[in-house]
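Asks: here's my sequence, what's the structure:
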Amino acid sequence: MGNATIREIKPEDNEQVAKVIRKVFEDMGVPKVGTAYADKALDDMYSTYNVPRAAYFVVEVDEKVIGCAGVAQLQNYEGNVCELQKMYFLEEARGKGIGSQMISKCLEKAKEFGFEQCYLETMPYMEAAQKLYKKNGFEYIDAPLGNTGHYSCPVWMLKQL
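Replies: A predicted model of the protein is given here:
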């Protein structure tokens, strides 16, 4: 994956990004209700993140999007906390260090935006993802923050920025 590039999303990436996210959900048997799969934003991620204090990135190899992730203000929460959102990688991108690079890129942007903490939600069986999050400084917390609408994601993690 030496030729993988992480860059900010462009409008023309929307279709590929939606396909990547839906493919990962299908491959991993993630519920389609109460998760990001059902989010209206999925088909227009560019516009969703083209707002203040938000950014979304894609990993591209030979003009093909193979992964994505973003940061934005945590919904329905008063504190200065962002959420690491919609981080998904096709199987061909996993286990190559791209996830850590993507997290670094997102957290760097979150710090630029002035956020103090970064929150995320995931699934219990996504053990490789949790291992990656822990390696990058996220710690488990006992209850969700805010209200993302992702009630099917019962694992919550938080990192000080």
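Asks: so what strands line up beside the helix or strand hosting residue 159?
Replies: Residue 159 belongs to strand 155-160 when assigned by DSSP states H and E. With DSSP bridges as the test, strand 155-160 is paired with strand 117-122 (antiparallel), strand 139-141 (antiparallel).
Asks: among the ones you listed, show me which one is buried the most.
Replies: strand 117-122 (a mean of 22; mean count of other C-beta atoms under 10 Å). Placement of C-beta: from N, CA and C, glycine included.
Asks: for whatever helix or strand comes next after it, list the C-alpha coordinates in CSV.
Replies: Per DSSP H and E, the first helix or strand lying C-terminal to strand 117-122 is helix 127-135. Output of helix 127-135 as CSV, limited to C-alpha atoms (Å, rounded to 0.1, in the frame of the first residue of the first chain):
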residue,chain,number,x,y,z
GLU,A,127,-11.9,-6.2,18.0
ALA,A,128,-9.2,-5.2,15.5
ALA,A,129,-10.7,-1.7,15.4
GLN,A,130,-10.8,-1.5,19.2
LYS,A,131,-7.2,-2.6,19.4
LEU,A,132,-6.3,0.1,16.9
TYR,A,133,-8.2,2.7,18.9
LYS,A,134,-6.5,1.7,22.1
LYS,A,135,-3.1,1.8,20.4
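Asks: thank you, goodbye.
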